[in-house]
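*Asks:* For reference, the sequence and a predicted model appear below.
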Amino acid sequence: MEAELKDSELFKRIMDTVGSLMADVSIDFTPQGISIKAMDPANIAMILFESGKEMFTSFKVDKDTKLSVSLDDLNGILRLLKKGDKLKINDNGSKMNLDISGKTKLHFGIPLIDENYTAQKVPQLKFTAEVTLLSSVIKDAIKAGFLVDDSLYLTVDNQKFILSARSEEKEFSEDLYINDNKELFNVTSEGLTRSKYSIEYLTKFLNALDPEKPVKMSFSNNYPLRLDYDLDETVKLSFVLANRIE
């Protein structure tokens, strides 16, 4: 297989997010595109990434191919990418080869991991609340919430979305409504819905998102959270995060 990315910076950002949660990654290449389904070792968070071959300027994949590599190895190389650089990926059966073309040309080969890989099953979740808002809004709320506690509450009450945190001595809350500011795009709920999530994990997820693009958040009472983010028409990134017990 051989594939050259249109936007190497985007791939770099996604791999950096995956690397904040786990040590290794398995990337599935098919004739239709690529995908990643990865669960962190603590079984708290899952990352789902899928893209059609439109993400690539060239894409030569004749059969399903799984490339498993160390994220320390991969991300160390991706950090060398400069804006406008091209990145080509191929394999020779024992190594993932990466070629970076820009002002200079760099070639790297990193070993493939021979692991007993079991495909992760995406949990079938049923949600009672759904909120779509600008990524920058939830990013700012997380920064504010971190000043108070290490968890953030998400609450939907009728048409109001509430972001809050509390500890024994401090508290924070922000109420959001659909308005002309175009920060909150959609709020739906089957009654009052509230759940609590780790700020550390939310921060890692949101680092991959463009602050000026919307993200959809789906949750239920004391239930896992799913975030869905469309990077473009064929590139989708999702996260599933276990809730914290009240």
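*Replies:* Thanks, I have it.

*Asks:* Which residue ranges make up the domains of the chain?
*Replies:* 2-111, 129-241 (automatic domain parsing).

*Asks:* What residue in this protein is the furthest from its centre?
*Replies:* Going by Cα atoms, centre = their mean, the residue of the chain most distant from its centre is residue 169, 32.7 Å out.

*Asks:* That one falls within a strand, correct?
*Replies:* No: secondary structure of residue 169 (DSSP: H, G, I helix; E, B strand; the rest coil): coil, not part of a strand.

*Asks:* okay, it: pLDDT?
*Replies:* Reported pLDDT at residue 169 in the predicted model: 95.

*Asks:* any weak-confidence spans in this structure?
*Replies:* 115-120, 180-181 (pLDDT under 70).

*Asks:* gap between the two ends of stretch 18-30?
*Replies:* Start-to-end span of stretch 18-30 (Cα to Cα, to the nearest Å) is 20 Å.

*Asks:* Could I get the buried residue list for it?
*Replies:* For stretch 18-30, the neighbour count (16 or more other Cβ atoms under 10 Å) marks 18, 19, 20, 21, 24, 25, 26, 27, 28, 29 as buried. The way it works is simple: take the backbone N, C-alpha and C, and place the C-beta from them, glycine included.

*Asks:* hmm, back to that, put together CSV for the domains of the chain, with distance to residue 122 on each row.
*Replies:* Listed next are the domains of the chain as CSV, based on distance: least, Cβ to Cβ, whole Å:
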stretch, distance to residue 122
domain 2-111, 6
domain 129-241, 8
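
*Asks:* Just tell me which of those ends up closest to residue 123.
*Replies:* Between residue 123 and the domains of the chain, the shortest gap by Cβ to Cβ is with domain 129-241, which sits at 6.3 Å.

*Asks:* what ranges do the helices span in the protein?
*Replies:* 8-19, 71-78, 135-146, 199-206 (DSSP state H).

*Asks:* Any buried residues in stretch 129-145, and which?
*Replies:* Neighbour-count burial for stretch 129-145 [16+ other Cβ under 10 Å]: 129-139, 141-142, 144-145.

*Asks:* what comes up buried for stretch 79-91?
*Replies:* For stretch 79-91, by 16+ other Cβ under 10 Å, it's 81, 85, 87, 88, 89, 90, 91.

*Asks:* hmm, back to that, taking the buried residues of stretch 129-145 together, which two end up most distant?
*Replies:* 130 and 144 (22.8 Å).

*Asks:* Please list all residues in contact with residue 30.
*Replies:* 61, 64, 65 (Cβ atoms under 8 Å, 6 or more residues apart in numbering).

*Asks:* For those, pick the one with the most neighbours.
*Replies:* residue 61 (17 neighbours; other Cβ atoms under 10 Å).

*Asks:* Look up how far residue 202 lies from it.
*Replies:* 34 Å (Cβ to Cβ, to the nearest Å).

*Asks:* got it, and residue 123?
*Replies:* 18 Å.

*Asks:* Nearest to residue 165, out of the helices of the chain?
*Replies:* helix 135-146 (3.6 Å).

*Asks:* Does anything pack onto the closest one? Which helices or strands?
*Replies:* If you count contacts as 3 or more Cβ pairs under 8 Å, 6 or more residues apart in numbering; DSSP states H and E, helix 135-146 packs onto strand 151-157, strand 160-166, strand 171-176, helix 199-206, strand 214-219.
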